[in-house]
Structure formats: structure tokens, C-alpha cells
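Peer 1: sequence unavailable; structure follows:
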Ligand code: GLC
């Protein structure tokens, strides 16, 4: 693939425009604060032209880490009435104000990349504080979010998964009581077409779960044990396993044997624990309800993170490749977030069909590492085409390639620079 200097420059311009000094907003208007996993991917984009700024993005994020170890999903660096739910709704009492939930733990994987790009010096001056923050955050997951003790990740709000309205959550959300929610004003549909956003009955449930956390004083033990939404998320389970592997590489390089042993134990636990998410009927790893034990039975883009996490037996991986083949038959552009034709599929509605480049990137990376170079190339070329055809949108229709959600999106620009535009 040849480089496209105009798109390179446009991507850099988006990152510079969305830069608020030490952190980057995902897009103007719709998301006016710092988001956890967005920042990690954005750092990969900055790393292609401003190394200092890349590290700073991550350092600003971990500055907001809670004492218990959680890295919050949003950091509200300044007020903005154009967003709901803002800091006064979350009421976590933190400085700077943050939300009370987390997001996918991809930070350690990005730290490893930045550090290796600069020669993997164990004494790199910016490595240690980030290593410590990642370790603390991973320990938080193990202490608060592993109810079965098998290395999977429990999520207590669908927003934690980063795949906000994926149909994987529909059945669990349907049980959430919304009778006490009260009136509130959504802001997202004032910025983008409502047909591309979650529906209002869904939003009520998101707010009800938030309100449970607030009433629990953001006590993460109470929320994990008694909260109204308790899912074992395939995406975060795979991402944390990968992040533990990446953190282990750093622990070994800096010679921290005690931490290296701890990480090896966690990795071994998650490798076998992942079988709990395997769904033999659909031939893929799927999210599973921790309260009812029921598998979602849905193949989503997160299922394909198995390659990135390096899990599964040969026959399981072969079946997952069959699922990828099914996707290719029905979608013009890989990788849709939900299998076209399945229940609740909608090619324009957020995580119910559209292509999201950050997930595609991790999936392609895993496929390339695991001997599926052709698939990795196909996903990467499709991703580049989507940007060439439509611009740097939040997400894209896998059928028409139309941009969906917010425009001039930071993580899409970053993925162009760090991956599919190279
Ligand atoms: C949406 C996405 C989430 C992302 C956030 C900011 O909520 O679902 O994954 O982190 O926007 O871009």
C-alpha cells in the first residue's frame, strides 16, 4: 500500500486540533473530555510525529487513577454542558472529576509499544511510572472484577466495555429496573443523527446502572457483587490477558521477578478461564452473563480478539476463522462489530454493525502474529479504504462505507497514522 501524504497531514491536523494540552478529546462536541482507551490509541498516533506528546497523553490519563487502582473511563478536565452524564451526575468526588467506571485495559499494550519503538531501554525515564500504574490497574481488575477466580473480566456497566450498545448486553439490560431514573436530558443526539445512537429505552438503563453506583458511593466491591448489570465481557477479558502479556515483557526487562511471576500466574489462569466464554454452537468466544450464566451467543468483533490474546486450541481457532469467512461473505468492509443478519444487526447504529478501527487494529495485529497474514492485510486494507472513501469518522457502515457517528475523530486519525495508512 502506498502512503497518502494528504491523509497523513489531515490525520495529524485532527490530533492537533483535538489536543487540549496533555490530553485529546475523541471528537469536538460529542465527546469533550478525556476517554481512557481512546487516549491509549491516540498515543500511538502521536508517536508517529511527536514522541513527547504521545507519552504525555498516557501520563495525563494515569494522573486520574483512583487510589484503589481503577483508571476511570472519563476524566472531566473542564466543564462542558454539551455532554450527559457529566461530572455532577457521576458525583465520584475525585479531583479532577472522573466517571466511576473503567474502560478496556489496553494501556499496558500501548506502553510496551512506545517503549520498544524507542529501543526498549529498561531505564527509559518515562517507563516506570506507567508500568506501576498499569500493574496497579491490573491488580484492581483481579481484586474486584474476577468473581469466578478464573481470570475473566466482569463489567458492571456496558459503557466499560467500550462497545456501548452491542447487542451482547440486551438481555442483561432488559432486567435493569428503570422506574426510579427520573427525568434527564440526553446530549449525544443533539450532536449526531439519532439513528446512529442507542435508543432511549436503552439509555434509561444505562442511567439506572450509573445511579446504582452512585448510591453505592462508588464502592467497587458492592457494585461488582450486587450491581444490576454483571457481564463477563469477551473483549475486556481478551484485552486484559494481552495487556498482562505485554506488561510481563516489561517486568522481565526491568528484572522485577516477583511481579513477573505474579503476571505469569494471571496469564495461565486467564488462558484456561477463557474456555468459560467459548460457545460451541456458534464456534466463537462470546460474552456471558455472570448472574444467569447465559452466553450471548453473538459473534462480535471482540470475539476475534482471541488471536490478539493468543488463546484457544487449534480446532477453536479454525472455527473462529470460519466465522470470519461468514463476515466476509456478507459485509463489503471488514470488520463489522456484529455479524450481518444476526439479531439486532443495524449497519449504521453504533456497536450493532458499524466498523470500529481500533478493534479492527487489535484483531489484525493478533491475526498477523498468529500466522494469518492474509486476513490481517484484508482488514487493514478495508480500514484504509473506509478512511479514503469517507474521512476520519468515529465508525463506518460495513455495507456502504458511509461514516457514522462523530467526524474528525481522534482514534480514527491515530489508526491511520500508526497502522492502516502506513
Ligand atoms: C463511545 C464509544 C467508546 C469510546 C467513546 C469516546 O462511547 O462507544 O468506546 O471510548 O465513545 O470515543
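Peer 2: Cool, the structure landed. Here the structure is a predicted model, which means the values were calculated and not measured.
Peer 1: now stretch 41-52: average pLDDT?
Peer 2: Regarding stretch 41-52, the rounded mean pLDDT is 98.
Peer 1: same question, stretch 396-414
Peer 2: Confidence over stretch 396-414 (mean pLDDT, whole number) is 98.
Peer 1: that one close to the ligand?
Peer 2: No - for a cut-off given as Cβ under 6 Å from any ligand atom, stretch 396-414 has no contacts with the ligand; the smallest distance is 6.6 Å. Heads up, the C-betas are built off the backbone N, CA and C, glycines and all.
Peer 1: how long is that stretch from one end to the other?
Peer 2: 16 Å (Cα to Cα, to the nearest Å).
Peer 1: residues touching the residue of the stretch 1-150 of the chain found nearest the ligand, list them.
Peer 2: Scanning the stretch 1-150 of the chain for the residue nearest the ligand gives residue 26, at 3.4 Å (criterion: Cβ to the nearest ligand atom). Residue 26 is in contact with 18, 35, 38, 394, 406, 409, 410, 411, counting by Cβ atoms under 8 Å, 6 or more residues apart in numbering.
Peer 1: can I assume the third one sits in a helix?
Peer 2: Yes - secondary structure of residue 38, determined by DSSP: H, G, I helix; E, B strand; the rest coil: located in a helix.
Peer 1: give me phi/psi at the closest residue to it other than its chain neighbours?
Peer 2: Taking Cβ to Cβ, 6 or more residues apart in numbering, and ignoring the residues beside it in sequence, residue 38 has residue 26 as its nearest neighbour in space, at 4.8 Å. For residue 26, the backbone dihedrals (degrees, to the nearest 10) come out as phi -60, psi -40.
Peer 1: and for residue 154?
Peer 2: Here the main-chain torsion angles of residue 154 (degrees, to the nearest 10) amount to phi -90, psi 130.
Peer 1: ok, and the closest non-adjacent residue to it?
Peer 2: Nearest one to residue 154, counting by Cβ to Cβ, 6+ apart, is residue 145 at 4.5 Å.
Peer 1: tell me the contacts of that neighbour?
Peer 2: Listed by Cβ under 8 Å, 6+ apart, the contact partners of residue 145 are 153, 154, 155, 156, 224.
Peer 1: any idea how far the fourth one is from residue 117?
Peer 2: Taking Cβ to Cβ, to the nearest Å as the criterion, residue 156 is separated from residue 117 by 35 Å.
Peer 1: just the third one next, same as before
Peer 2: Distance of residue 155 to residue 117, computed by Cβ to Cβ: 31 Å.
Peer 1: between the two, who's got more neighbours?
Peer 2: Neighbour totals were compared for residue 155 and residue 117, and residue 155 leads with 28 against 13 (other Cβ atoms under 10 Å).
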